[in-house]
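test case, fold it:
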Amino acid sequence: MRLITILGLIMVTATVSACSRGRLPPGDASVLTVDGSSSEERELNDPNRTTIWDIFGPDTSEQVTQVNRYLWAASLDVLNFLPIEEVDPFTGVIVTGYGRPPGGGRSYRATVHISDPALEARSLSVALQTSGGSPVSAATSRAVEDAILSRARQLRIADNKF
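Presented below is the predicted three-dimensional model:
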């Protein structure tokens, strides 16, 4: 029982001392800054100040993904036979409707996701499906990705940016 009382007193003391934040009493000259304002005033007027209540407020951070412009243009160029349904350059997503490739028999639908500003294969993800809703073979999907990557490299070379 005595041990519990001692631990309780230690916890209360630590809690109360943590509330003071180690501030000096008001009017102490060591707290004043060069411009004459107190450090407490500066802290309260700091635009980057956060409190525990900030977690309940709106999320003001923006999630903007940078998209490689050559991959973006190449995707639209290679898949130009498909009707575009949705385009979001901020997240790097292109969604197309069903369409038949030139000289092809089946109709396809494509979803392209460009996730990185680098001109690399890992930045590009292409999902193709047939009109029945089933995915196409991996070889077909890989061939479309290769065509987009090749076209993106051609566009970059045409811009003379190596």
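
packing partners for the longest helix along the chain?
Assignment by DSSP state H gives helix 138-158 as the longest helix of the chain. Counting contacts by 3 or more C-beta pairs under 8 Å, 6 or more residues apart in numbering; DSSP states H and E, helix 138-158 is packed against helix 69-78, strand 124-130. Every residue, glycine included, has its C-beta placed from N, CA and C.

same for the last one, what does it pack against?
The criterion is 3+ C-beta pairs under 8 Å, 6+ apart, and the helices and strands that strand 124-130 contacts are helix 69-78, strand 108-114, helix 138-158.

could you pull out the buried residues of the shortest one?
When burial is assessed from 16 or more other C-beta atoms under 10 Å, strand 108-114 yields the following buried residues: 108-110, 112-114.

averaged pLDDT, that strand. What do you get?
For strand 108-114, the mean pLDDT works out to 94.

which outside residues touch that strand?
The contact list for strand 108-114 (C-beta atoms under 8 Å, 6 or more residues apart in numbering) reads 67-68, 71-72, 75, 79, 82, 92-101, 123-131, 136, 144, 148.

can you flag the buried ones in those?
In these, the ones that pass as buried (16+ other C-beta under 10 Å) are 67-68, 71-72, 75, 79, 82, 92-96, 99, 123-124, 126, 128, 136, 144, 148.

quick one on the thing from earlier: among the helices and strands packed on helix 138-158, which comes closest to Trp53?
Using C-beta to C-beta as the measure, strand 124-130 is the one of the helices and strands packed on helix 138-158 that comes nearest Trp53, at 39.4 Å.
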